[in-house]
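> after the sequence you'll find the predicted model.
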Amino acid sequence: MKKVEKKHPLAIRWLHWVNFPLLLVMIWSGLLIYWANDVYRVGLGGFTLFKFFPQWFYKALNVPFRLAEGMAFHFFFMWLFAANGLLYVLYTIVSGEWRLLVPDRRSFREAVQVTLYDLHLSKHKPSQGKYNGAQKLAYTTVVLMGAGSLLTGLAIYKPVQFAWLTAALGGYEWARWEHFWLTIGYVLFFVVHVAQVARAGWNNLRAMVTGYEVVEAPEPQSVRLPGVESLQEEATR
Amino acid sequence: MSHNENVEERTEVAAADQEVRREMRPRTRRSFLVGAAAALLGYGGWRWLKTSAEDVDGIPWPLRRSHEFNEHLARNYFSTARLAPTFPRHLANLPRANGDIGLDVEDFESAEWRLEVVNLTDSAKEEIEPSLSLGLEDIKALPRVEEVTELKCIEGWSQVVHWAGARFSDLADKYQLATRSGAPFDVENKATDLVPYVSLETPDGVYYVGLDIESALHPQTLLCYEMDGEPLTLEHGAPLRLYVPVKYGIKSLKRIGRITFTNKRPFDYWAERGYDWYSGH
């Protein structure tokens, strides 16, 4: 028997969905800024596996020569991005929702089991509460990454006023490097997140919009026992 | 258990599931409609922002206001006298010579170079006539200061540089340029009669920057005649350039031809091309 159950609070849903376009604008405007000094790559010594970013990529997204525009958007939307993120963290703390999100000792083991199961490398599906271990780790990490982006961003935005912060992050150039790689991290998170949502299906996605999920409800004890019997009977027939 | 009971139970379950669907349908519809409306509103806001008439300075006006809001916060809530970090000298090197706007080589005679200084009284007149004309020896007569600080280009690269020159504030002090009354200035005390802005331009007037007075009078802001232990080269702005450690490099004008103390917010070459006028760190 199915029943409707409340899953995600209103605040979490709004803050989650509002964050999506804000982060998108921050990444896009960040790209316009990064282009003016695009020095990062994946490689070793003289060997470059991948340069951030190839010309075709810039061309496809119309990136070149838009540094001023990128900075203008970045330093406007930074306020909205930061405010939305802070509200999210505040809400999870005040509502107690953080208890469901922050990983505990078991989460790491569980995350490995979930990953193996999802990759079809294991048949054992770990039981879970609202979020499984992998989700807890991922969602907490991405919030910490958000904090990291604000701090590394501040360190390169005001490197004199926050000289102590810039120094703590390894200096101006390292802070910029960290700011860049956190962004690559968001993109990777996004890819996995969307793939997992697609796998989880409509009921799960709908819950993030409506707040409600349809769940299999166990029937009351006295009724359930014969029910199970009859199902078994059904199965053997 | 009889077959009948079984069927009855399944019917019950099906009825309950039907009930669940009935309950979810309006919720789903309502939430998605609200979501769509919010998305539409967000998209409308985005279009508005993108298409708001560009002001004279090359970016939509809401973004210009946002730059000015950030500037307001920086100038009022930060200590504008905070020092930029300094570095050991062995880390210093010459930066790349990144801009040559206003540095036309053909029409420039180093030997004939003079620094024109327009004080507040001059700049308030309709026909501006600089009342002060200085030679390099006048700048070198001011106390010599050396510092090793990081030049940060707005493009995103940076370089630790060894600079030598005179403090801008020593020039302002000596010639009584920074206050309306000519009294000694106090940057931290906004109530004093500080002249609010300084404008600097190349001798040909092609490149020009505007500075807030606090940044111009910052103790590490230099009228610089040496970089990396050598006299300034032409590509780095010989015979005299500005270095402002609390701003992006675009403000550190090379080959200063004229300095103007003024009540009016000065024009700025890159601000007119969409960049933040303040560009402060």
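Looks like it arrived, so ask away. Numbering: from 1, shown residues only, chains lettered A, B, ... in the order given.
> centre of the chain to stretch A:114-132, how far?
Remark: stretch A:114-132 is offset 19 Å from the chain centroid, using C-alpha atoms, centre = their mean, to the nearest Å.
> straight-line length of that stretch, end to end?
8 Å (C-alpha to C-alpha, to the nearest Å).
> quick check: buried residues in that stretch?
The neighbour-count check on stretch A:114-132 (16 or more other C-beta atoms under 10 Å in any protein chain shown) flags A:114, A:117-118, A:126, A:131-132 as buried. (C-beta placed from N, C-alpha, C; glycine too.)
> contacting residues around the closest residue to residue A:18 other than its chain neighbours?
Of all residues not flanking residue A:18 in the chain, residue A:84 sits nearest, at 5.5 Å (C-beta to C-beta, 6 or more residues apart in numbering or on different chains). With contacts defined as C-beta atoms under 8 Å, 6 or more residues apart in numbering or on different chains, residue A:84 is in contact with A:15, A:18-19, A:22.
> what's the answer for residue B:195, then?
Residue B:195 makes contact with B:120, B:177-180, B:213, B:261-263, according to C-beta under 8 Å, 6+ apart.
> chain A versus that one, what's the distance?
According to C-beta to the nearest C-beta, to the nearest Å, residue B:195 and chain A sit 23 Å apart.
> for that residue, report the pLDDT, please.
With respect to pLDDT, residue B:195 scores 93.
> apart from its chain neighbours, what residue comes closest to it?
Spatially, and ignoring its direct neighbours in sequence, residue B:195 is nearest to residue B:261 (4.6 Å; C-beta to C-beta, 6+ apart).
> tell me the pLDDT at that neighbour?
Looking at residue B:261, its pLDDT stands at 96.
> for it, list each beta-bridge partner.
Note on residue B:261: beta-bridge partners by DSSP bridges are residue B:198.
> biggest helix in chain B by residues?
In terms of residue count, the longest helix belonging to chain B (DSSP state H) is helix B:3-51.
> switch the buried residues of stretch A:114-132 over to CSV; also include distance to chain B, pLDDT and secondary structure.
Formatted as CSV, these follow (distance: C-beta to the nearest C-beta, whole Å; pLDDT from 0 to 100; DSSP: H, G, I helix; E, B strand; the rest coil):
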residue, distance to chain B, pLDDT, secondary structure
A:114, 27, 88, helix
A:117, 28, 90, helix
A:118, 27, 88, helix
A:126, 27, 80, coil
A:131, 21, 91, coil
A:132, 24, 90, coil
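> let me know the closest of those to residue A:186.
Nearest to residue A:186, judged by C-beta to C-beta, of the buried residues of stretch A:114-132 is residue A:131 at 19.2 Å.
> so the closest one touches residue A:140, yeah?
No. Contact between residue A:131 and residue A:140 fails when scored by C-beta atoms under 8 Å: they sit 9.7 Å apart.
> residue ranges of the helices in chain A, please?
A:10-34, A:55-61, A:67-95, A:98-101, A:105-118, A:133-157, A:163-168, A:172-200, A:202-210, A:221-236.
> in the stretch 51-200 of chain B, what residue is nearest chain A?
Residue nearest to chain A within the stretch 51-200 of chain B: residue B:156 (3.2 Å; C-beta to the nearest C-beta).
> got phi/psi on residue A:53?
In terms of degrees, to the nearest 10, the main-chain angles of residue A:53 are phi -130, psi 160.
> also residue B:144?
Torsion angles, degrees, to the nearest 10, at residue B:144: phi -80, psi 130.
> check contacts around it.
Counting by C-beta under 8 Å, 6+ apart, residue B:144 makes contact with B:164-166.
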